[in-house]
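> Pasted the sequence and its predicted model underneath.
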Amino acid sequence: MLSGRLVKWMLLLSEYTITYELAKAVKGQAVVNFLAAHPVPDNETISDDFPYEQVMMIEPLNLWQMYFDGASKISGTGARVIFITPQGDLLPYSFTLVIGVYDHTPNYTRSPEEYPSAANSGRLLKGKVAIITGGARGIGAATAKLFALNGAHVIIADILDDLGPTLADSIDGRYIHCDVGRESDVESAVNLALAWRGQLDIMFSNAGVAGPFGSITNLDMDKMKDLLDVNICGMVHGIKHAARAMIRGKRGSIICTSSSAAIMGGLASHAYSLSKEAVLGLARSTACELGVHGIRVNCISPHGVPSEMLVTAYRNFFGKADMGPEEVGRIVGETGSLLRGRSASMEDVAQAALFLASDDAGFITAHNLIVDGGFTSAFSTMSFIYQ
């Protein structure tokens, strides 16, 4: 049985001593030795019949010059592993395989928390409390799942009461109905975090609407104001109330979703473009004020993610009611990315949010992380000049 709060370290002297199923996960690699770190949640145990066959290896890790008691250095690479059930549900266990050569047998006498590169590689947000507005679907939902997988306690704040509670239950989180255009709703979401876990570490202000399309000469100002209530005032509400909670703890990460439309003209409607560029200015100015409290404020600007918002816009533009995310992604990959054939996914943006939310981004603030495959940075139509 493996039990307890701390990671149990096992030295596996050869590829033949690892379980058959895990050996299959690294099949084909030139392995000299394995070192496996298995985090076990509080008050839980893992028996020998734990479903190791339900394993998926993800995300290679560069793990160079790792130091342990009794071993001067381990150099090599590794992979982060997660467990999934036959139904496709993620289990709250992570596993890190480190593949490399050790100088001599380590003597594990200290807490594995002292070796964050290995022990915590799959738990970047362990114990942190996060609110995600617009978290019931799309980018928000992908981020909620990833945050939870990395150890965060997640509150999904959305108006989609049919989707939010189910997702929250699946990640052991909480759901609250929240129209970000109403300040009291956002304040209630922050109060929920404080009542539930006593702190707020991460605010991902992600909720937004597309707003009106068409010529500036025919812009419906009432619809424009509705958009500004959500896309701009909603961001102000999120930063305001998150900052109040985070100032008490002297640290925190606030992330605002902007857009490639804030970087480059012609990618979205006038109203939407205006609102997303305003978010960049808001993030920079609030980062100036809140930095003294250890609070970081950053933006993410996605491009070409086949979300419901973008798919709906493409359906209207092309007049194809049956156009789906796959087709939209294909179009973006062919015409809207330097990485030809590759479009952005929800998970790409979620990974960006995970980085900015984590301590790995501890010296990054007032920054706009553009997730666009290089589209807004370069002009590739004349790539023939490189031939």
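Nice, I can see it.
> Under the pLDDT cut-off, which ranges of the chain? List them.
1-122 (pLDDT under 70).
> Would you map out the domains in it?
2-119, 129-377 (automatic domain parsing).
> element containing Leu227?
helix 221-228 (DSSP states H and E).
> quick one, what contacts the residue nearest to Pro212 when sequence neighbours are not counted?
In this structure, Pro212 finds its nearest non-sequential neighbour in Lys223, 4.1 Å apart by CB to CB, 6 or more residues apart in numbering. For every residue, glycine as well, the C-beta is placed using N, CA and C. With contacts defined as CB atoms under 8 Å, 6 or more residues apart in numbering, Lys223 is in contact with Gly211, Pro212, Ala271.
> residues touching the nearest residue to the last one once chain neighbours are set aside, list them.
Pointing back at Ala271 there. Spatial nearest neighbour of Ala271, chain neighbours left out: Gly211 (4.2 Å); criterion: CB to CB, 6+ apart. Applying CB under 8 Å, 6+ apart to Gly211 gives the contacts Lys223, Met224, Asp226, Leu227, Asn231, Ser269, Ala271, Tyr272, Ser275.
> For Ala242, grab the count of nearby residues.
29 (other CB atoms under 10 Å).
> What helix or strand is it located in?
For Ala242, the host element (DSSP H and E) is helix 234-249.
> what's next to the following helix or strand past that helix, contact-wise?
Scanning forward in sequence from helix 234-249 by DSSP H and E, the next helix or strand is strand 252-257. With CB under 8 Å, 6+ apart as the test, strand 252-257 has contacts from 134, 139, 200-206, 208, 235, 238-239, 242-243, 245-246, 279, 282-283, 286, 290, 293-302, 353, 356-358, 361.
> could you dump strand 252-257 to PDB, C-alpha only?
Extracted in PDB, the C-alpha atoms of strand 252-257 (Å, rounded to 0.1, in the frame of the first residue of the first chain):
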ATOM      1  CA  GLY A 252      -2.000  36.400  -6.300                       C
ATOM      2  CA  SER A 253      -2.300  36.000 -10.100                       C
ATOM      3  CA  ILE A 254      -5.000  37.700 -12.100                       C
ATOM      4  CA  ILE A 255      -5.300  36.700 -15.700                       C
ATOM      5  CA  CYS A 256      -7.600  38.500 -18.200                       C
ATOM      6  CA  THR A 257      -8.600  37.100 -21.600                       C
END
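> What sits closest to Lys145 if chain neighbours are left out?
Ile171 (6.1 Å).
> Gly374 now?
Of all residues not flanking Gly374 in the chain, Leu338 sits nearest, at 3.6 Å (CB to CB, 6+ apart).
> Kindly report the same for Gly140.
Gly134 (4.3 Å).
> now swap in Ala130 and tell me
Ala130 sits nearest to Ile202 (CB to CB, 6+ apart), 3.7 Å away.
> for the one you found, what are its contacts?
Here Ile202 is in contact with Leu125, Lys128, Val129, Ala130, Ile131, Phe147, Ala152, Gly252, Ser253, Ile254, Ile255, Ala357 (CB under 8 Å, 6+ apart).
> okay, now the fifth one: neighbour count?
Burial measure for Ile131: 29 neighbouring residues, criterion other CB under 10 Å.
> I'd say it and Asn191 touch.
No: applying CB atoms under 8 Å, one finds Ile131 not in contact with Asn191, separated by 10.6 Å.
> Just the strands from the stretch 151-300 of the chain, written as ranges.
153-158, 174-177, 202-205, 252-257, 295-302 (DSSP state E, counting those that start in this stretch).
> Relative to Phe379, which of those strands is closest?
strand 295-302 (18.2 Å; CB to CB).
> Tell me the helix or strand right after the closest one.
Next helix or strand after strand 295-302 toward the C-terminus (DSSP H and E): helix 308-318.
> next helix or strand past that next one?
Heading C-terminal from helix 308-318 (DSSP H and E), you reach helix 325-335.
> Which residues does that following helix contact?
Against helix 325-335 from outside (CB under 8 Å, 6+ apart): 303-304, 306, 310-311, 314, 339-345.
> Please apply the same query to stretch 286-293.
So stretch 286-293 is contacted by 239, 243, 246-247, 250-252, 254, 296-298, 365-366 (CB under 8 Å, 6+ apart).
> Just the buried ones among these, please.
Ile239, Ala243, Met246, Gly252, Ile254, Arg296, Val297, Asn298, Thr365, Ala366 (16 or more other CB atoms under 10 Å).
> Of all pairs in these, which one is the farthest apart?
Once CB to CB is applied, those give Met246 and Ala366 as the farthest pair, at 15.9 Å.
> so how many other residues sit close to the residue nearest to Gly374?
Count around Leu338 with other CB under 10 Å applied: 15.
> Enumerate every residue touching it.
Gly373, Gly374, Phe375, Ser377, Ala378, Ser380.
> Likewise for Gly294?
Lys250, Arg251, Gly252.
> need these in a markdown table with distance to Val332, can you?
As requested, those are exported to a markdown table (distance: CB to CB, whole Å):
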| residue | distance to Val332 |
| --- | --- |
| Lys250 | 41 |
| Arg251 | 36 |
| Gly252 | 33 |
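> Tell me which other helices or strands the helix or strand harbouring Ala144 touches.
Using DSSP H and E, the element containing Ala144 is helix 138-149. Judged by 3 or more CB pairs under 8 Å, 6 or more residues apart in numbering; DSSP states H and E, the packing partners of helix 138-149 are strand 90-102, strand 129-133, strand 153-158, helix 164-170, strand 202-205, helix 346-357.
> Including distance to Glu187, could the ones you listed go into a markdown table?
Below are those laid out as a markdown table (distance: least, CB to CB, whole Å):
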| stretch | distance to Glu187 |
| --- | --- |
| strand 90-102 | 30 |
| strand 129-133 | 11 |
| strand 153-158 | 11 |
| helix 164-170 | 18 |
| strand 202-205 | 12 |
| helix 346-357 | 21 |
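> Tell me which of those sits nearest to Gln387.
helix 346-357 (29.4 Å).
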